[in-house]
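**Student:** A structural model of the following input is requested.
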Amino acid sequence: MTTIANTTTASGPAPSIKTRQQAMWASGDFAVIGTTLQIVGENLCEAIDLRAGERVLDVAAGNGNATLAAARRFARVTSTDYVPALLERGRARAGAEGLDVTFEVADAEALPYPSATFDVVLSTFGVMFAPDHAQSASELRRVCRLGGRIGLASWTPEGFLGELLRVVARYVPPPPGVRSPLLWGTRAHVQDLFADAVSIEHTVRYFAFRYESPAHWIDIFRQFYGPVHKAFATLDTDGQASFEADLIALLRRADRGGAGGLVVPGARPPRRRIVGDGGDAGPVRGGGCRDLSRHRDARRTGPLRRRRRAAGRRDRRPDARGRAPRRGEGARPA
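**Tutor:** Here you go, the predicted structure:
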């Protein structure tokens, strides 16, 4: 059994690193990007098997994708982020739908809640960006009750966002000593962070970025996505031109939409089912779900479809005179 004491201050990286990160996410307007990712929050709530009436905490919620998805399922939701402006965007969205949600400023590394407060803890592309990975994971476990679940959605190193963040890092290197947020998208790192879990379910899903063109994507991300916005703001004219050229090259390599518009598949959250061993940290279970592309293929070629095809072949056997039935006529009696 693992017991984690309640804490009020975060350990790890210096406050200046966190202050810089907070300023980066407060720059631009991530809510514009966030709304295009709403499907992730919806799928995560289904993957975690969310129930009406459960107490849900959305950590590093941004403008509230998972928050709204949980509230739409009649959960009692608390939405948190350390960027107040993003919480206000989430509050406006919830108000427009008449959803009852509590919004509170909170740091993922020092959540201001007693241990075992929530049935479900969620984070979509949020907690992965906290500087101290171990402290953040510890806080997620601490506030989740015994038998509760944790659902995480994190970008993978192999996907488009992984490539994008590596391009950004070539022009604006991250602070020394801070581990890559993309580690949260790897099985090994999550197993290390939740080493006391009974089980962890890790499933890769896919999300497609859909924009008019590479130029349209750059225009949106340059204005509104913190890492890209800050990189452009930091670079001189020549650096901006080089950065933009590298982004366009990346987008063109990844594009699957062609003349019909930009469609960039990006590896979406490894969904995780994490079951812990108890104590105040609580067993936690993250949202695992099947790879739907494999599921669809299975439906097309699975046993039921094969049986139907076999039956169709039997129905079209020749009659006693050697004459095969016409399509739709069925088998002829001998």
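**Student:** Let's check: the centremost residue of this structure is which one?
**Tutor:** Residue closest to the mean C-alpha point of the chain, counted by Cα atoms, centre = their mean, is Ala153 at 2.8 Å.
**Student:** Tell me if I'm right that that residue and Ala69 touch.
**Tutor:** No. Using Cβ atoms under 8 Å, Ala153 is not in contact with Ala69; the gap is 11.1 Å. Heads up, the C-betas are built off the backbone N, CA and C, glycines and all.
**Student:** any common contacting residues for those two?
**Tutor:** Each of 41, 44 lies in contact with both Ala153 and Ala69 under the rule Cβ atoms under 8 Å, 6 or more residues apart in numbering.
**Student:** Could I get the contacting residues of Asn63?
**Tutor:** Asn63 is in contact with 30-31, 34-35, 86, 89-90, 93, counting by Cβ under 8 Å, 6+ apart.
**Student:** how does it look with 6 Å?
**Tutor:** Residues counted as contacts of Asn63 (Cβ atoms under 6 Å, 6 or more residues apart in numbering) are 31, 34, 86, 89-90.
**Student:** ok, which pair from those is furthest apart?
**Tutor:** Spanning the widest gap among the contacts of Asn63 are Gly34 and Gly90, at 8.8 Å by Cβ to Cβ.
**Student:** Val127 versus Asn29, what's the distance?
**Tutor:** Not Asn; residue 29 is Asp. Applying Cβ to Cβ, to the nearest Å, the value for Asp29 to Val127 is 21 Å.
**Student:** more neighbours, the two?
**Tutor:** Val127 (25 against 17; other Cβ atoms under 10 Å).
**Student:** Ser115 reaches Leu140, doesn't it?
**Tutor:** No. Using Cβ atoms under 6 Å as the test, Ser115 is too far from Leu140 to be in contact (11.7 Å).
**Student:** Which one's more surrounded, these two?
**Tutor:** Each of Ser115 and Leu140 has its neighbours counted (other Cβ under 10 Å); Leu140 has more, 27 against 20.
**Student:** quick one: secondary structure of the more buried one?
**Tutor:** Of the three states, Leu140 takes helix under DSSP: H, G, I helix; E, B strand; the rest coil.
**Student:** Start the count at 101 instead of 1 going forward.
**Tutor:** With 101 as the first residue, the last one maps to Leu240.
**Student:** who touches it in this structure?
**Tutor:** With contact taken as Cβ under 6 Å, 6+ apart, Leu240 is in contact with 221, 250.
**Student:** Look up the pLDDT of it for me, please.
**Tutor:** Note on Leu240: pLDDT of 97.
**Student:** got the domain boundaries for the chain?
**Tutor:** 115-389, 393-428 (automatic domain parsing).
**Student:** hey, least reliable of those domains by pLDDT?
**Tutor:** Averaging pLDDT over each of the domains of the chain singles out domain 393-428 as the lowest, with a mean of 42.
**Student:** Look up how far Tyr311 lies from Val220.
**Tutor:** Distance of Val220 to Tyr311, computed by Cβ to Cβ: 33 Å.
**Student:** Which one's more surrounded, these two?
**Tutor:** Set Val220 next to Tyr311 and count neighbours by other Cβ under 10 Å: Val220 wins out with 28 against 20.
**Student:** Just say helix, strand or coil for the closest residue to the more buried one other than its chain neighbours.
**Tutor:** Nearest residue to Val220, sequence neighbours excluded (Cβ to Cβ, 6 or more residues apart in numbering): Val156, at 4.6 Å. Following three-state DSSP, Val156 is assigned to strand.
**Student:** ok, Phe221 - contacts?
**Tutor:** Not quite, residue 221 is Val, not Phe. 157, 240, 244, 250.
**Student:** neighbour-wise, which of the residues you listed leads?
**Tutor:** Counting neighbours by other Cβ under 10 Å, Ile250 leads the contacts of Val221 with 32 neighbours.
**Student:** tell me the secondary structure for that one?
**Tutor:** When classified by three-state DSSP, Ile250 comes out as strand.
**Student:** do you know how far it is from Ala297?
**Tutor:** Separation of Ile250 from Ala297 (Cβ to Cβ): 9 Å.
**Student:** need the longest helix for this structure.
**Tutor:** helix 337-354 (DSSP state H).
**Student:** Might you quantify the distance of it from its chain's geometric centre?
**Tutor:** How far helix 337-354 lies from its chain's middle: 25 Å, per Cα atoms, centre = their mean, to the nearest Å.
**Student:** From Val132, how far out is the closest residue to Leu137 other than its chain neighbours?
**Tutor:** With sequence-adjacent residues excluded and distances taken as Cβ to Cβ, 6+ apart, Leu137 is closest to Asn165, at 5.7 Å. With the distance defined as Cβ to Cβ, Asn165 ends up 13 Å from Val132.
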